[in-house]
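Asker: I'll drop the sequence and a predicted model, then ask my questions.
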Amino acid sequence: MIDLHCHVLPGIDDGPRSIEDSLLLARAAVSAGTQTIVATPHVSHEYPNDASTIARLVDEVGARFAAEDLPLRLRSGAEIAMTRISDIAPEELPELALGGGRWLLIECPFTSLATGFDILLGKLQSDGHRIVLAHPERSPFFHRDPELLGSLVRGGILSSITAGSLVGRFGSRVQRFARDLAQEELVHNVASDAHSHTGRPPGIRAELEHGGLGPLAEWLTESVPAAILAGDEIPSRPAAATAPAGGSRRWWRRRR
């Protein structure tokens, strides 16, 4: 598996505090079946990281993984907050892309109001960037207006949900919304968004099975993230895959 969203770099955000903690997270990821991790530290006002710092830590941590004989490849990336994008120089944005490609991982707002978020995404697209939305199922903004997410996806944006959402780690509402998004074919990737080896662990496969997305596991955790990292076309969703159990199809539309 490829974990497209993981906070594995030490001392840079709310992930591991030390390289030893990073190693614990990495060993847990390997045990869970992950072969590649994309390091996606926060780039926000709270954590004002930059591309050079991230690249340096990816090299250092990757070298330590190799020294420890960990069969885990580390790639660079970032989880970029919408409030920081205007502060980042245009020439630096590509250096924050997932795997050094064209896809930016943009953090979905944790507020119910985020004026101009869709306009910001459109501007990034018009500038030639491609967008992956991080954990839309956990965003009150999309809870309030889920049809906007559908519109964004139809406009070429991808969504990446957190594996723990499928098993209720962030509450029942998020769990239900994650499964509904999968039913509506608005999910293109499932990542761990891990922050530690215990509290926010790097499991993905078991959560997919529990959430009824086992038939889509290869597409969600291998084919799509591999295409993102390689800059290839995103492969089509397998037609034979079944919808996850426990959803309530188009529940938001019935509530209106």
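Answerer: Perfect, I can see it now. Numbering: from 1, shown residues only.

Asker: gap between the closest residue to residue 51 other than its chain neighbours and residue 50?
Answerer: Of all residues not flanking residue 51 in the chain, residue 95 sits nearest, at 3.6 Å (CB to CB, 6 or more residues apart in numbering). The C-beta positions use only the backbone N, C-alpha and C, and glycine is treated the same way. Distance of residue 95 to residue 50, given as CB to CB, to the nearest Å: 9 Å.

Asker: so the residue nearest to residue 51 touches residue 49, yeah?
Answerer: No. With contacts counted by CB atoms under 8 Å, residue 95 stays clear of residue 49, the gap being 11.5 Å.

Asker: ok, these two, which is more surrounded?
Answerer: residue 49 (20 against 16; other CB atoms under 10 Å).

Asker: show me what contacts that one?
Answerer: Residue 49 makes contacts with 12-13, 41-43, 78, as judged by CB atoms under 8 Å, 6 or more residues apart in numbering.

Asker: residue ranges for the helices of the stretch 101-250 of the chain, please.
Answerer: With DSSP state H, counting those that start in this stretch as the criterion, the stretch 101-250 of the chain has helices at 117-126, 140-144, 146-154, 172-183, 205-210, 217-218, 224-230.

Asker: dump the residue contacts of residue 24.
Answerer: The contact partners of residue 24, taken as CB under 8 Å, 6+ apart, are 16, 196-197.

Asker: can you tell me which of those residues are in strands?
Answerer: Of the contacts of residue 24, none are assigned to strands by DSSP state E.

Asker: which of those residues count as buried?
Answerer: Among those, those scoring as buried are 16, 196-197 (criterion: 16 or more other CB atoms under 10 Å).

Asker: Any chance of the residues you listed in CSV with distance to residue 83 and pLDDT as columns?
Answerer: Listed next are the buried ones among the contacts of residue 24 as CSV, based on distance: CB to CB, whole Å; pLDDT from 0 to 100:
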residue, distance to residue 83, pLDDT
16, 24, 98
196, 25, 97
197, 30, 96
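
Asker: Neighbours of residue 3, how many?
Answerer: Residue 3 has 30 nearby residues by other CB under 10 Å.

Asker: any idea how far it is from residue 50?
Answerer: Taking CB to CB, one finds residue 3 at 23 Å from residue 50.

Asker: So which bits of stretch 190-197 are buried?
Answerer: 190-197.

Asker: Just name the closest of these to residue 235, please.
Answerer: Of all the buried residues of stretch 190-197, residue 190 has the smallest distance to residue 235: 15.2 Å, by CB to CB.

Asker: What score does the closest residue to that closest one other than its chain neighbours have for pLDDT?
Answerer: Leaving aside its chain neighbours, residue 190 sits nearest to residue 220 (4.7 Å; criterion: CB to CB, 6+ apart). pLDDT recorded at residue 220 is 98.
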